[in-house]
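Peer 1: my questions concern the predicted model and sequence given below.
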Amino acid sequence: LHGEYEAFQHVLRNASGAIKRKVNEIFGNTLRENEKKELCTLIYYPEQKLELIKGVETDIDDWYVITLNQLVRVCQNVSSKYTRSKVRKALPKEFSYIIQELLHESSMVPNKQAYINVIISTIISTRRADDFIIALCQLIQRLTIDTLHVLGDIFDRGPAPHRIMDILCNYHNFVQWGNHDILWMGAAAGNECCMANVLRLAMRYGNLSVLEDGYGINLLPLATFAMETYAEDSCSLFGPKVEGQECTYNEKTLRMIAQMHKAISIIQFKLEAEIIKRRPDFGMDDRMLLHRIDFERNILTLDGKEYELKDSFLPTVDPADPYKLTSEEREIMNKLHHSFVSSEKLKKHMRCL
């Protein structure tokens, strides 16, 4: 999923095409193709479709009667594979009793259709038809999907993994952890390496809103430090990957993100070195590169070969002790640590995972 909330939501709304198949099964040749298509669109996007319908429909009450009967039939079909108890738990509280009555009354039994008609006409006369249609459509979406199996990597790259998690925490689902999900769990648990990596990826893909708006992580200390430290540096190699997507950032903000990206990258390299030194059994010494730099020649030596650095402006790296955090970097990590472990929404989502 990689944080692509809009695409994920669309898949949920149409249940990967299952709703369209259900509508075809139920109405067969009794509805025209365009009528079935209209009904499907209503089920996928009820709020938007209702606005369009009300703008062109001349007899809205008649449309309500026909549409509500159709939606009840679809809802009866998709709920039939579940126990009544499971269906009851999925019902919206506001309309729970009414929907139960409609789902479990058969229009084939004498007088029952009249009873259903009275319920529907009452919904319309009390001006609750729109709300009821939206509730029914959302219920159909939910019941059509028996199991939602997420194959890992809910987080990173895309702009709204927190909104995906809001849905998943209230869904019947099966989630496999991906490396990005484990990374976020580590950050929420207080591992500073994971925090730095989460932040670096957010900067790389320009997803600051996930951290700030989604989880309330305070990025101001990092931004202030980065803008001061790299005030004279273009940080051109650290620009966020926003090509091919709608960019809402101006040039000044893009430059600030690049500076933050560079700052947190260096911090991450230093934090990783602490763990690698502490745990030689990890066998990750080859990931430690800062001590291999010749700062006078701007050369990095690796496996006997020399490589010229594309970016040699590293003011926070002390050649005598390259993996030591500066006092400012330590202060930033202390503040970020507090932000991550104090985020209630992050805790909730990680418990869900």
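Peer 2: Thanks, I have it.

Peer 1: buried residues, the longest helix anywhere in the chain. List them.
Peer 2: Criterion DSSP state H: the longest helix present in the chain is helix 251-278. Under the neighbour-count criterion of 16 or more other CB atoms under 10 Å, helix 251-278 has 254-273, 276 buried. To be clear about C-beta, it is placed using only N, CA and C from the backbone, and glycine gets the same treatment.

Peer 1: so for this structure, the centremost residue is which one?
Peer 2: residue 161 (2.2 Å; CA atoms, centre = their mean).

Peer 1: just give the nearest non-adjacent residue to that residue, would you?
Peer 2: Of all residues beyond its chain neighbours, the one nearest residue 161 is residue 3 (3.9 Å), with distances taken as CB to CB, 6 or more residues apart in numbering.

Peer 1: the one you found contacts residue 158, doesn't it?
Peer 2: Yes. Applying CB atoms under 8 Å as the test, residue 3 and residue 158 come out as touching, 2.6 Å apart.

Peer 1: any common contacting residues for these two?
Peer 2: The overlap between the contact sets of residue 3 and residue 158 (CB atoms under 8 Å, 6 or more residues apart in numbering) consists of residue 207.

Peer 1: just how off-centre is the helix or strand just after the longest helix of the chain within its chain?
Peer 2: Remark: after helix 251-278, the chain's next helix or strand is strand 293-294, criterion DSSP states H and E. Here strand 293-294 shows a centroid-to-chain-centroid distance of 41 Å under the convention CA atoms, centre = their mean, to the nearest Å.

Peer 1: can you offset everything so residue one is 88?
Peer 2: Understood, numbering begins at 88; the last thing we discussed is strand 380-381.

Peer 1: tell me the strands beside strand 380-381, with direction?
Peer 2: Sheet pairing of strand 380-381 (DSSP bridges) gives strand 386-389 (antiparallel).

Peer 1: can you give me the end-to-end span of stretch 261-280?
Peer 2: End-to-end span of stretch 261-280 (CA to CA, to the nearest Å): 28 Å.

Peer 1: chain center to it: distance?
Peer 2: When distances are taken as CA atoms, centre = their mean, stretch 261-280 is centred 15 Å away from the chain's centroid.

Peer 1: tell me the buried residues in it?
Peer 2: Going by 16+ other CB under 10 Å, stretch 261-280 has these buried residues: 262, 265, 267-268, 270-275, 278-280.
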